[in-house]
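J.: following is a predicted model, sequence given first.
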Amino acid sequence: MESIEWKKQKHHILKGKTIELVPVTKEDMNFICIEETDTQLWKYEEYVETDKQYILKKFTDRIEQDNVFDFIVKRISDGEPIGVVYIWKYGLNRKSWEIGYVILPKYQGNGYCLDSVNQLLSFAFDELDAHKVVGMCHCDNIKSASIMQKAGMLKQGVFREEYLCQGKWVDQFYFSILEWDYNNKPY
């Protein structure tokens with residue numbers, strides 16, 4: 001499959017206006033383990049894995065998979081790692097991919113997340129030959145919903161009481177963008 005060849009041969013860095021997305025390597029596992037197990041960082045998720053050994057194995061295994069791409073978000077100005085973004089195959093026989101992202105709190109509000117999501121969308125449509133990209137977020141995660149909308153994704157619906165978060169059933173917003181929408185953005 002071409003995507004695995006891309007992953008093994010190109011070690012492709014995606015460059016945005018303010019950030020660059022660098023494929024996760026084994027050398028990044030300390031950063032990955034810290035951010036992935038931070039329960040405050042993931043407060044809108046139904047479950048946060050806190051076992052660092054589990055996270056280490058999971059993300060080390062993902063490096064070689066052809067249906068998931070993980071990137072460290074680094075500021076271009078100083079190379080500082082400020083977050084992680086992910087894109088993975090959404091549905092076995094579809095040309096659909098799902099995105100996820102997290103920027104460390106002290107770097108939020110500077111446009112880094114939007115720049116990162118725009119790079120993921122370019123990667124999906126230009127490199128992975130996606131037909132559709134989806135993203136989901138907790139109904140109270142207004143920042144995440146705003147990022148997807150600013151990137152051109154459309155809110156497709158609400159999954160009512162989709163998951164249990166901090167002892168309460170919560171709704172989840174569902175966003176998507178089609179290849180046609182991406183290629184015909186007015187901006």
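T.: It's in.

J.: list the contacts of Cys33.
T.: Counting by C-beta atoms under 8 Å, 6 or more residues apart in numbering, Cys33 makes contact with Lys52, Ile55, Leu56. The C-beta positions use only the backbone N, C-alpha and C, and glycine is treated the same way.

J.: could you report the separation of the closest residue to the first one other than its chain neighbours from Ala151?
T.: In this case it means Lys52. Take Lys52 and drop its neighbours on the chain: the residue closest to it by C-beta to C-beta, 6 or more residues apart in numbering is Cys33, 4.4 Å away. Going from Cys33 to Ala151 by C-beta to C-beta, to the nearest Å gives 28 Å.

J.: tell me if the residue nearest to Lys52 really is in a helix.
T.: Yes - secondary structure of Cys33 (DSSP: H, G, I helix; E, B strand; the rest coil): part of a helix.

J.: check what pLDDT it gets.
T.: We have a pLDDT of 96 for Cys33.

J.: for it, give its distance to Pro186.
T.: Taken as C-beta to C-beta, the span from Cys33 to Pro186 is 41 Å.

J.: pLDDT, distance to Trp42 and secondary structure for the contacts of Cys33 - can I get that in TSV?
T.: Shown next, in TSV, are the contacts of Cys33 (pLDDT from 0 to 100; distance: C-beta to C-beta, whole Å; DSSP: H, G, I helix; E, B strand; the rest coil):
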residue	pLDDT	distance to Trp42	secondary structure
Lys52	97	14	helix
Ile55	97	12	helix
Leu56	96	17	helix
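
J.: by neighbour count, which of those residues wins?
T.: Using other C-beta atoms under 10 Å as the neighbour test, the contacts of Cys33 are led by Ile55, with 18 neighbours.

J.: what about Leu121, neighbour count?
T.: Residues within reach of Leu121, counting by other C-beta under 10 Å, total 24.

J.: that one: which element?
T.: Per DSSP states H and E, Leu121 falls inside helix 112-122.

J.: likewise for Gly83?
T.: Residue-wise, Gly83 maps onto strand 81-89 under DSSP H and E.

J.: direction included, what does that strand pair up with?
T.: strand 68-75 (antiparallel), strand 96-103 (antiparallel) (DSSP bridges).

J.: what angle separates the last one from helix 112-122?
T.: Yep, that's strand 96-103 we're talking about. Orientation check (axes from the mean of the first three to the mean of the last three C-alpha atoms, to 10 degrees): strand 96-103 against helix 112-122 gives 160 degrees.
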